[in-house]
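In: Have a look at this prediction, sequence included:
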Amino acid sequence: MMDLFGQEEESRILELRKLLDEYNHMYYVQNRPVVSDFEFDRLMRELQDLEARHPELADPNSPTQHVGSDLEKGFRQAVHQYPMLSLDNTYSQEEVQDFFHRVEGLLNEPFEICCELKFDGLSISLVYHEGKLVQAVTRGDGVKGDVVTENVRTIASIPHTLKGGSGYLDDFEIRGEVLMPWASFDELNRQRELSEEPLFANPRNAASGTLKQQNPRIVAERKLDSYLYYLLGEDLPGNSHYENMQAAKSWGFQISEHMKVCRSLQEVMDYINYWDEERRNLPVATDGIVLKVNSIRQQKNLGYKAKSPRWAIAYKFQAEKALTKLESVSFQVGRTGAVTPVANLAPVQLSGTVVKRATLNNANFIESLDLHIGDMVSVEKGGEIIPKITAVDLDARKGAQNLQPVRFIDRCPECGTPLVRYEGEAAFYCPNSATCPPQIKGRIEHFISRKAMNIDGLGPETVDAFYQQGMINEITDLYSLSELEISSLDRMGTKSAQNILKSLDESRKVPFERVLFALGIRFVGETVAKILARAFKSLDALENATYDELIAVDEVGDKIARSILEYFQSPANRIILERVRQVGLQTRLSEVQMASLSDRLQGKSIVISGVFMHHSRDEYKSMIESNGGKNVGSISAKTSFILAGDNMGPSKKEKANKLGIPLVSEEEFLKMLEN
Ligand code: IVH
């Protein structure tokens, strides 16, 4: 413990309370954690210790006295029947031993510890009445939470109706974690990268951001999952936590397969050590192990403290991190003009790779860490895709001389234009979209990408070379390139040049919706482009749409509508659009698309599986969409039917059978769309 005088301790207490409140807000409300869990827990402990030494400074509002709150505007709130507590955290195996011996001393009789994974998502409370899900509530501030029932209903692993006839309790609550599997998380971030939306730092933030969406359809698309780990109610079916979880499993809940009842400290430690390594092979993120006294009677005997039960503890895995020096900060400009600060670090080994750079998110992030060039910083990779700076070693700074604080730039590093910040956004932008080089090149790279115009043979390097030579300045310039010009570039032969020209020519057939996506309008990703194309049918109609007409479209909100209006208002964009028409790109839905446009499949979720004779998979996908249906990747209870070709996989067939989902043949499907 630091040796501080009373006065200093008091101001440290106040400082820590303020800091921890801010960190809680960033974590639970903004979904943008600014420090690592480890750092957070360390500061919390420091505050707890100081408060214990100064009972006269006790404050019921201190972050030590309540759990962080994720309450958000726009949701109805409900009070939890039983408060939603948190768990005591530890990072040390000695403290796990202390916990074991404490329980031993308090109970003074044989006991079992149920060990399980600590899932890294957000906690949810589900209330069932007579076998039906009636309410789903987030943890909120522990006393009351946000009601997110409709969103939770889109999670396939959460049953709307329970199995097991009358085997379940009439009234009970079950708690667990909502999470985003790694696969869904990677896919979501890939999509967001394409539409230049900020990436989610980890699956927990993504799950939390998703569950707080106002539109359940977006939630459904994002493929959340769940694990339940705590049953509450009168007359529970079993005498132990483990038995209760098995009962819950038989009612249809997803329970982790990796729970283990341990009878000795050695078994507990073996479990911890096994999963510290093995968790890397799980499809979902975990951040520790939870140990629970198994017997419900013994749990009651042990009881609760203010924020946590005495019968459980969480052992948290150390995130993989390293300490290194911040050498400089550079600023990157993306295709939309967003400026991202990047830390250049002294190279350091981190979970098997050498890390030299880390993201710094935005100006607020730099400020909240009070970063200085030359600082020693902690870099973590934990669940994150991009390494992240999570803390500054302030002691090291004290010894260093004259470190300069990191200043966010006020002009674009590429074109010198003063940066702007839009209302409500953390990012700074370079507004010079017309002539700022990385923005121009970024737009062209996006235009040629696979999901947009899919121009073969062109990549970022060629785009850069064309641009450097003054051959292209905006997307439609690509269509005026000649074979001679292209093959004049280094390492570019006639054959490659011909391929590029062929691919450009073929792109004139790319459907309107992809052309719309390729234009790179901010917030108009692949899905939104499809919806807009269906709703407005032509570029002309979209160009003339009013704000009200735009937001009347399902899934188009204020943010997207404004961005579209802004795009079409720009004179430079209008010139480009004129050229888009001149070079012969598709600017309206094709006859075939128009003819097939209907609402025949409205509200239907359809899985495509197998090999087809009459049309390609992609064609079937777009038929489903243009008839108002939704093509989904995997079979669940909510699937309306399976469009089944030849050779459908046996496991899919079995799943469809089990859930009673009809298989529709290619011919039957085409008939459905006929009349
Ligand atoms: S039990 C009163 N079991 O960790 C005990 N919690 O830091 C209730 N968590 O709020 C919690 N996996 O969101 C429990 N297997 C597990 C868990 C788990 C993740 C989360 C949960 C809780 C937090 C406590």
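Out: Received the coordinates, thanks.
In: Show the contacting residues for whichever residue of the stretch 451-600 of the chain sits closest to the ligand.
Out: Closest contact between the stretch 451-600 of the chain and the ligand, by C-beta to the nearest ligand atom, is at Gly557 (29.7 Å). No exception for glycine: its C-beta is placed from N, CA and C like everyone else's. Each residue near Gly557 by C-beta atoms under 8 Å, 6 or more residues apart in numbering is listed here: Ile551.
In: Can you tell me the centre-most residue of the protein?
Out: When the chain is reduced to its mean C-alpha position, the nearest residue by C-alpha atoms, centre = their mean turns out to be Ala206, at 2.2 Å.
In: Surely that residue touches Leu188?
Out: Yes. Counting by C-beta atoms under 8 Å, Ala206 touches Leu188, with 6.0 Å between them.
In: so what sits against both of those two?
Out: Taking C-beta under 8 Å, 6+ apart as the contact definition, Ala206 and Leu188 share the neighbouring residues 180, 200, 222.
In: can you count the residues close to the second one?
Out: Summarising burial for Phe200: neighbours were counted as other C-beta atoms under 10 Å, giving 22.
In: which residue packs closest to it, ignoring adjacent ones?
Out: Of all residues not flanking Phe200 in the chain, Ala206 sits nearest, at 3.8 Å (C-beta to C-beta, 6 or more residues apart in numbering).
In: Put the alpha carbons of stretch 191-204 into PDB.
Out: The C-alpha atoms that make up stretch 191-204 are tabulated as PDB, following Å, rounded to 0.1, in the frame of the first residue of the first chain:
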ATOM      1  CA  GLN A 191     -18.700  -6.200 -42.900                       C
ATOM      2  CA  ARG A 192     -18.100  -3.100 -40.800                       C
ATOM      3  CA  GLU A 193     -14.700  -2.700 -42.300                       C
ATOM      4  CA  LEU A 194     -16.200  -2.700 -45.800                       C
ATOM      5  CA  SER A 195     -18.700   0.000 -44.900                       C
ATOM      6  CA  GLU A 196     -16.000   1.900 -42.900                       C
ATOM      7  CA  GLU A 197     -17.900   1.600 -39.600                       C
ATOM      8  CA  PRO A 198     -15.900   1.500 -36.500                       C
ATOM      9  CA  LEU A 199     -14.900  -2.100 -35.600                       C
ATOM     10  CA  PHE A 200     -15.900  -3.800 -32.400                       C
ATOM     11  CA  ALA A 201     -12.900  -4.300 -30.100                       C
ATOM     12  CA  ASN A 202     -14.000  -7.800 -28.900                       C
ATOM     13  CA  PRO A 203     -17.000 -10.100 -28.900                       C
ATOM     14  CA  ARG A 204     -18.300  -8.800 -25.600                       C
END
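In: one step back: tell me if I am right that the residue nearest to the centre of the chain is in a strand.
Out: No. Remark: Ala206 does not belong to a strand; assigned using DSSP: H, G, I helix; E, B strand; the rest coil, it is helix.
In: Please name the residues that touch it.
Out: Listed by C-beta under 8 Å, 6+ apart, the contact partners of Ala206 are 180, 185, 188-189, 200, 222.
In: cutoff 6 Å now
Out: Listed by C-beta atoms under 6 Å, 6 or more residues apart in numbering, the contact set of Ala206 reads 180, 185, 200.
In: And Leu117, by the same measure?
Out: The contact partners of Leu117, taken as C-beta under 6 Å, 6+ apart, are 256, 258, 286.
In: ok, so of the contacts of Ala206, who is nearest the ligand?
Out: When those are ranked by distance to the ligand (C-beta to the nearest ligand atom), Met180 comes first, at 14.0 Å.
In: Just the pLDDT for that closest one.
Out: Turning to Met180, the model gives it a pLDDT of 95.
In: tally of neighbours for it?
Out: Here the count is done by other C-beta under 10 Å, and Met180 has 30 residues near it.
In: With Asn473 instead?
Out: Number of residues near Asn473 (other C-beta under 10 Å) recorded here: 15.
In: For whatever residue of the stretch 501-650 of the chain ends up closest to the ligand, what is the enclosing helix or strand?
Out: The stretch 501-650 of the chain approaches the ligand most closely through Ser636 (23.4 Å), counting by C-beta to the nearest ligand atom. Counting by DSSP states H and E, Ser636 is held by no secondary-structure element, helix or strand.
In: And the residue lying closest to it once chain neighbours are set aside, which helix or strand is it part of?
Out: In space, not counting the residues next to it along the chain, Ser636 is nearest to Ala156; the distance is 3.9 Å by C-beta to C-beta, 6+ apart. Here Ala156, judged by DSSP H and E, is contained in no helix and no strand.
In: how close does Ala156 get to Leu224?
Out: Taken as C-beta to C-beta, to the nearest Å, the spacing of Ala156 relative to Leu224 amounts to 9 Å.
In: Give me the more crowded residue out of the two.
Out: Neighbours around Ala156 and Leu224, counted as other C-beta under 10 Å, are more numerous at Leu224. The numbers are 25 against 18.
In: Who are the contact partners of the more buried one?
Out: Listed by C-beta under 6 Å, 6+ apart, the contact set of Leu224 reads 155, 178, 180, 207.
In: Closest to Val355 out of those residues?
Out: Met180 (24.4 Å; C-beta to C-beta).
In: Touching, that closest one and Asn205? I think so.
Out: No. Applying C-beta atoms under 6 Å as the test, Met180 and Asn205 come out as separate, 9.0 Å apart.
In: Around the ligand, pick out the residues from the chain.
Out: Taking C-beta under 6 Å from any ligand atom as the measure of proximity, the chain contacts the ligand at 85-87, 116, 118-119, 123, 177, 229-230, 290, 309, 312, 314.
In: where does the stretch 451-600 of the chain have low pLDDT?
Out: Filtered on pLDDT under 70, the stretch 451-600 of the chain yields the residue ranges 596.
In: how about the helices in it?
Out: Ranges of helices within the stretch 451-600 of the chain are 460-468, 483-487, 494-506, 512-518, 526-536, 539-543, 547-551, 558-569, 571-582, 591-596, based on DSSP state H, counting those that start in this stretch.
In: tally of neighbours for Glu277?
Out: Each residue near Glu277 was counted by other C-beta under 10 Å, and the total is 9.
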